[in-house]
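Chemist: Give me a 3D structure for the following:
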Amino acid sequence: MLIRLYDLRHTAATLVLTAEVSPKIVSEQLEYASVTFTLETLWHVLPQVQETAAMKVEALLMDEWDVLERFSAECRTIAAGSQII
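Modeler: Numbering: from 1, shown residues only. Just a heads-up that it's a prediction; the model follows:
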């Protein structure tokens, strides 16, 4: 099996996009004319990147929710303590 230089460039670009590096950076590294060309060429990677981004946002929101829940519990504890005077 013959591996062409083009194949190596495409594989490297795919790996970098999968690692969530900005398409702009990938475009510059490959010396493509535009980010649009990069995205059109490597479109097959984007669903995985989109899913990863959604999972990260969900994790951030869940973490924020946990912080809010702990804060609310602390406020209730403080409020309950101030009523016992």
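Chemist: quick one, phi psi at residue 50?
Modeler: Residue 50 has phi and psi values of phi -60, psi -40 when expressed as degrees, to the nearest 10.
Chemist: neighbours of it, just the number please.
Modeler: When counting by other Cβ atoms under 10 Å, one arrives at 10 neighbours for residue 50. All C-beta spots, glycine's among them, are computed from the backbone N, C-alpha and C.
Chemist: For the residue nearest to residue 38 when sequence neighbours are not counted, grab the count of nearby residues.
Modeler: Nearest residue to residue 38 in three dimensions, chain neighbours excluded: residue 27, at 4.1 Å (Cβ to Cβ, 6 or more residues apart in numbering). Neighbourhood size, residue 27 [other Cβ under 10 Å]: 20.
Chemist: And for the one 4 residues further on?
Modeler: Counted with other Cβ under 10 Å, the neighbours of residue 31 add up to 7.
Chemist: Provide the backbone phi and psi angles at it.
Modeler: Backbone dihedrals for residue 31, given as degrees, to the nearest 10, come out at phi 60, psi 40.
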